[in-house]
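In: no sequence on hand, only this structure:
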Ligand SMILES: Nc1nc2c(ncn2[C@@H]2O[C@H](COP(=O)(O)OP(=O)(O)OP(=O)(O)O)[C@@H](O)[C@H]2O)c(=O)[nH]1
């Protein structure tokens, strides 16, 4: 899927850089343009990307300090400049735009829903958000920011693919130490998904294409991505169980959003040397994912690659009713209640079933 990436805030810029580098290293060519946006000049400087500094008149290049309302305001005020910087990158070949951000901070958290809304007004291609949820141990401000940003982004974008910062963190590592590894894990998984619609070797009926990713995400709301890999035998017939077991791990333990298994739709992608991919295994896995997620809209296909390993991706669309998302919204609500004496902001937990809540926009 030909994709334009836009990284917002510090986390957004770093994850976007990893994605661009992964795509180039693998020779996939799925990323057709990339831009980083921030209100903090120092965070933009090290990035090997085109950049736009927003909010200079308000924060003078120093960032918004975790204030996501200010993050939303500066993005709105500078929207025209951002849109014109993007103009050259979003060419006719682009099939999707992906906004990448940490939802717990200020610039990325506030700016992402604003920019998603602006982009949707102008472009016909889907606008997705790749949003990082704060880990459980991060402070109350991060949880509240992420709750509000997620609610608004889920409404404005076509889908918000969530990565929980607790999901791919090695045990014993601090959050800061873990960022590099988490960002690489995100880049590999999301990079493979984007490239799976770009099959480089071999074209067949069973090969996944971009429309299957788009259709899987069409249910809107929140999505999640699972991944697992294993050594593959040379004969496809011998890999049926391997495909099943990698899919099981991808969904149950290797997912970007732990415990989110109730979904409206799903896509299973099996990536490996085409000769090693068992059709029967893909089909059996597709049916298993149907049972596990309760969805009747489960697609499946191959991604032929020059690799002797089998990597299985499970993309889930419409996971907002799953326990995991509800638990996060509860966490955001509790964090907000703890601050309520200072702040009268509304309750983010009812995000998906209560219109009384104020969104960011
Ligand atoms: N996965 C990952 N998460 C990160 C990284 N850097 C920050 N975060 C998370 O993102 C959230 C903070 O967002 P940032 O991107 O740092 O904030 P910002 O958008 O730059 O906003 P301001 O600094 O307030 O202007 C927190 O939940 C962090 O845990 C990173 O490199 N990788």
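Out: Good, I have the coordinates. Just so you know, these numbers come straight off a predicted model, no measurement behind them. Residues are numbered from 1 along each chain as shown.

In: which residues does the closest residue to the ligand within the stretch 201-350 of the chain contact?
Out: Ranked by Cβ to the nearest ligand atom, the top residue of the stretch 201-350 of the chain for proximity to the ligand is residue 256, at 10.6 Å. Every C-beta, even on glycine, is put in place using the N, C-alpha and C of the backbone. Counting by Cβ atoms under 8 Å, 6 or more residues apart in numbering, residue 256 makes contact with 161, 162, 163, 164, 167, 168, 186, 189, 224, 225, 226.

In: could you redo the last one with a cut-off of 10 Å?
Out: With contact taken as Cβ atoms under 10 Å, 6 or more residues apart in numbering, residue 256 is in contact with 130, 132-133, 161-164, 167-168, 185-186, 189-190, 223-227, 315-316.

In: tell me how far it lies from residue 40.
Out: Relative to residue 40, residue 256 is positioned 26 Å away (Cβ to Cβ, to the nearest Å).

In: quick one: neighbours of residue 323, just the number.
Out: Applying other Cβ atoms under 10 Å, we find 13 residues neighbouring residue 323.

In: for it, which residues are in contact?
Out: Residues in contact with residue 323 (Cβ under 10 Å, 6+ apart) are 258, 259, 260, 261, 262.

In: repeat that for residue 278.
Out: Taking Cβ under 10 Å, 6+ apart, one finds 232-233, 235-244, 270, 272, 284-285, 302, 310 in contact with residue 278.

In: one more pass at 8 Å, please.
Out: Residue 278 neighbours (Cβ under 8 Å, 6+ apart): 236, 237, 239, 240, 243.

In: can you pick the most crowded of the residues you listed?
Out: Most surrounded of the contacts of residue 278: other Cβ under 10 Å gives residue 243, at 28 neighbours.

In: list phi and psi for that one.
Out: Residue 243 adopts backbone torsions of phi -60, psi -40, taken as degrees, to the nearest 10.

In: that one reaches residue 313, doesn't it?
Out: No. The criterion here is Cβ atoms under 8 Å, and residue 243 misses it with residue 313 at 11.6 Å.

In: got any ranges where the stretch 251-361 of the chain has weak pLDDT?
Out: Residues of the stretch 251-361 of the chain meeting the criterion pLDDT under 70: 341-358.

In: please enumerate the helices of it.
Out: Along the stretch 251-361 of the chain, counting by DSSP state H, counting those that start in this stretch, helices occupy 279-293, 323-338.
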